[in-house]
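> structure for the following, please:
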Amino acid sequence: MAGLWLAVTGAVASVPPIFVLNSLEANVSVIDPVTWSETARIPTGKEPHHLYLTPDERSLIVANALGDTLTFVDPRTAQIQRTVRGIVDPYHLRFSPDMKWFITAANRLNHIDFYRWDGKDLSLVQRVATSRTPSHLWIDSRSTTVYSTMQDSDELVAIDIATQTIKSRVKTGPMPADVHGSPDDKRVFVGLTGGDSVEVFDITGRQPVSIKKIKTGNGAHAFRAAGDGIHLFVSNRVANTVSKLDMNTLQVVESYPVPGGPDCMEVSADGRFIYVSSRWARKLSVVDTQQKKVVLQVPVGKSPHRVWTLQHAPR
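Residues are numbered from 1 along each chain as shown. The predicted structure follows:
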């Protein structure tokens, strides 16, 4: 097992752990990527689904949607640093690229919240009412617009960050989930979990325009950039596959079988391995993109969701 990590890094000293959020057990599995074993379970609030690294890279913020809390964890040692309470329904989260805003999507309560971040504390500035079930967030590289999918109203909503007001909303295919932007800020990709495709929107105009649906597999759901600025991975939860898309040609270029309802993903530093949460199998699956198959699975908790490690490919 250690040989797999050596193939990725060429070293075993000071290897940061892999974190897997177990959304229905209110904890996080800590995986040693040298022995490929679970070394600890970190308790969190109810329903940890997503996470994000602080701008200073000293803390990993785990958002506990049903617990209305944020758990701050050391990304290198997996030690709990503190818990922040009173953050309402933080399902999805991210910092704006300019690091001025911390934004959360309240999945069950239908709003998106804008917080100021002073390097330590968060202060709520604006709560923006949305359509039904805001799911995932993506922010353009200039920190001007945040895009959010509306899972139960089949919409893509764009919010102006400077004014914290909705500037456009457009219809999507069924049950949009994750959203990801191209490096040039000209397109966004939306996973249609209620269908079998990734819907592509041109965002160069006043409002997004749907230009193509790329068929990937039933339950197209979550994205992770491959790290080369060209390719994008999408997990197809129902089809039990992960597809590799070319963001320029808008074509599927590779596909990998991944059992157990593949969900969120992380990519090794050299781009060779994909770490995938197999949601229904309670496993972390490791995909070798050269062999095009799962080469390892690690048991984790119930309903594993987000996967993350400090030592990853560029996003």
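
> low-scoring stretches of the stretch 101-250 of the chain, by residue?
Within the stretch 101-250 of the chain, no stretch has pLDDT under 70.

> give me the secondary structure label for Gln126.
strand (DSSP: H, G, I helix; E, B strand; the rest coil).

> which residues touch the closest residue to it other than its chain neighbours?
Nearest non-adjacent residue to Gln126, counting by Cβ to Cβ, 6 or more residues apart in numbering: Gln164, 3.9 Å away. Yep, even glycine has a C-beta here, placed from its N, CA and C like the rest. When contacts are counted by Cβ atoms under 8 Å, 6 or more residues apart in numbering, Gln164 touches 114, 125-126, 128.

> again, 6 Å this time
With contact set as Cβ atoms under 6 Å, 6 or more residues apart in numbering, Gln164 has these partners: 114, 126, 128.

> and for Ile159?
Ile159 neighbours (Cβ under 6 Å, 6+ apart): 128, 146, 166.

> would it count as being in a strand?
Yes: assessed with three-state DSSP, Ile159 lies in a strand.

> which strand or helix spans the residue nearest to it when sequence neighbours are not counted?
Once flanking residues are discounted, Ile159 sits nearest to Val146: 4.9 Å by Cβ to Cβ, 6+ apart. Applying DSSP states H and E as the criterion places Val146 in strand 145-150.

> show residues contacting that strand.
103, 105, 112, 131-132, 134-139, 156-159, 161, 176, 179, 188, 190.

> strands paired with that strand, and their directions?
strand 134-139 (antiparallel), strand 155-160 (antiparallel) (DSSP bridges).

> deepest of these, which one?
Of all the strands paired with strand 145-150, strand 134-139 carries the top mean neighbour count, a mean of 23, counting by mean count of other Cβ atoms under 10 Å.

> all strands of the stretch 101-250 of the chain, in order?
101-106, 111-117, 122-129, 134-139, 145-150, 155-160, 165-171, 176-181, 187-192, 197-202, 209-215, 220-225, 231-236, 241-246 (DSSP state E, counting those that start in this stretch).

> distance to Thr54 for those strands - can I get that in CSV?
Formatted as CSV, these follow (distance: least, Cβ to Cβ, whole Å):
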stretch, distance to Thr54
strand 101-106, 9
strand 111-117, 8
strand 122-129, 11
strand 134-139, 16
strand 145-150, 18
strand 155-160, 22
strand 165-171, 27
strand 176-181, 21
strand 187-192, 25
strand 197-202, 30
strand 209-215, 34
strand 220-225, 20
strand 231-236, 25
strand 241-246, 28
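
> can you tell me which of those strands is nearest to Gly86?
strand 122-129 (8.8 Å; Cβ to Cβ).

> who are the packing partners of that closest one?
strand 111-117 (3 or more Cβ pairs under 6 Å, 6 or more residues apart in numbering; DSSP states H and E).

> buried ones in the strand it packs on, by neighbour count?
Residues of strand 111-117 classed as buried: 111-115, 117 (neighbour count, 16 or more other Cβ atoms under 10 Å).

> taking the residues you listed, tell me the two that lie furthest apart.
The most distant members of these, if one measures by Cβ to Cβ, are His111 and Trp117, lying 18.7 Å apart.

> ok, so of the contacts of Ile159, who is nearest Asn248?
Using Cβ to Cβ, the contacts of Ile159 come closest to Asn248 at Val146, 24.3 Å.

> thanks a lot, catch you later.
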